[in-house]
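Student: need a 3D model of the following:
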Amino acid sequence: MKKQFLLLVLGLFLISCGPTATTTNTSNTKKSYQVNTIAFYNLENLFDAEDDPSKNDEYSPIMEMDEGLRQSVYEKKLKNMASVIKQIGSDVAQNAPAVVGVCEIENKKVLIDLLNEPDLLPYNYQIVHYESPDRRGIDVGLIYQKDLFQVSNSVSHELKVFRSDNPDKKVYTRDQLVVSGFLNGDKMHFIVNHWPSRSGGEARSSYLREAAADLNRKIADSLLAIDPYAKIITMGDFNDGPYNKSIKENFGAKPEKESTKLKEFYNPFENMQKSGIGTIAYRDSWDLFDQMLLSHGFLDKDYSTYKYYKAGVFNPPFLATPRGKYKGYPFRSFSNGGFSGGYSDHFPVFVYLIKEIDTSL
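Tutor: Numbering: from 1, shown residues only. I've put the predicted structure just below:
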């Protein structure tokens, strides 16, 4: 895959919920940057068509369908997911994302099948995946273009948490996946999350997400203890918005890049949420549960290594429900006990990382 470049003037770009870039010429300023997209996508119940007796996969939407329909639905679901991933950030980076964190996947097999789809096969994506103890049998994972990102280490951290009304009863949920490596020689770390749901109500379940945030912060701090300038992106479906205690207080994300200090994290999605942009919709209200938080190492203005450029929600019209009661909501795959032909009940999110290129050679 050829390296792609973008001509732009630093500081001059359009902020929107979708990717936008500008090419500008001035008398003195014209710089070239290498651009890569980092993305996260909740794949909404990407389960295969086979019953796994070791999991509760029989409660997944595809397994509740007639057996004769399952394989064809699974194949359509894979095709849809692959077509979306290929396009995230592509109008600026001129390439599929270098790295994608994913959640709501059943196992490694579904990722293998996904990457063998014609839309993704040319990009030589590889997989990092560990089985989680989640009761529904869903995991998180990470895929990456091997030609762009080289993995040096990965580890899965279990979230050990117990029910508030029964301290002896463990809550089985998703692990937090940490993948370290080099994006075109630039060291960085990705943490992939799918925090506990709001089952039972937001208030009653908030302690679970706060515990997940505490674990996430502990993981990040362990990396920052080794290198205070470490480049870390923690991403995921947090099942909380940027305004919730888990994100704001337990993890300590900051809404403004300029005020984010060393060893702190910037949340570019907080101000998006305040402006009404979301990744999920419920009862005619939008929220932004899918987020990507960046460490201070991505925020300075020395573009000799990869730095943060821009964040967005990937929400082109084809990803929205075209008609009916839920028109405009994310076009989900499964509804009313069947396959809708859609994609996911979440919009994906992304950030662009850019690095200045020496064009004098």
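Student: averaged over its residues, which helix or strand of this protein has the lowest pLDDT?
Tutor: Here the helix or strand of the chain ranked lowest by mean pLDDT, DSSP states H and E is strand 5-8, holding a mean of 44.
Student: helix or strand right after that one?
Tutor: strand 31-46 (DSSP states H and E).
Student: give me the low-pLDDT residue ranges for this protein?
Tutor: 1-29, 58-59, 360-361 (pLDDT under 70).
Student: please repeat the previous calculation with a cut-off of 80.
Tutor: Within the chain, the segments meeting pLDDT under 80 span 1-30, 53-59, 358-361.
Student: where along it do the helices fall?
Tutor: With DSSP state H as the criterion, the chain has helices at 67-87, 90-93, 108-115, 202-226, 245, 269-274.
Student: next, the angle strand 31-46 makes with the first one.
Tutor: Orientation check (axes from the mean of the first three to the mean of the last three Cα atoms, to 10 degrees): helix 67-87 against strand 31-46 gives 170 degrees.
Student: can you pull the buried residues of helix 67-87?
Tutor: 70, 73-74, 77-78, 80-82, 84-87 (16 or more other Cβ atoms under 10 Å). In this view, the C-beta of every residue, glycine as well, is placed from N, C-alpha and C.
Student: helices or strands up against it?
Tutor: Judged by 3 or more Cβ pairs under 8 Å, 6 or more residues apart in numbering; DSSP states H and E, helix 67-87 is in contact with strand 31-46, helix 108-115, strand 338-339.
Student: for these, give me TSV that also has distance to D66.
Tutor: TSV is the format used below for the helices and strands packed on helix 67-87 (distance: least, Cβ to Cβ, whole Å):
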stretch	distance to D66
strand 31-46	17
helix 108-115	20
strand 338-339	10
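Student: which one of those is the most hemmed in?
Tutor: Across these, the average number of neighbours (mean count of other Cβ atoms under 10 Å) peaks for strand 31-46, which reaches a mean of 24.
Student: and that strand with helix 108-115, angle?
Tutor: Put simply, strand 31-46 runs at 130 degrees to helix 108-115, going by the same axes, to 10 degrees.
Student: the closest residue in space to D139 that isn't next to it in sequence: what's it in contact with?
Tutor: Among residues not flanking D139 along the chain, S132 sits closest, at 4.6 Å (Cβ to Cβ, 6 or more residues apart in numbering). For S132, the contacting residues are 138-140, 156, 173-175, by Cβ atoms under 8 Å, 6 or more residues apart in numbering.
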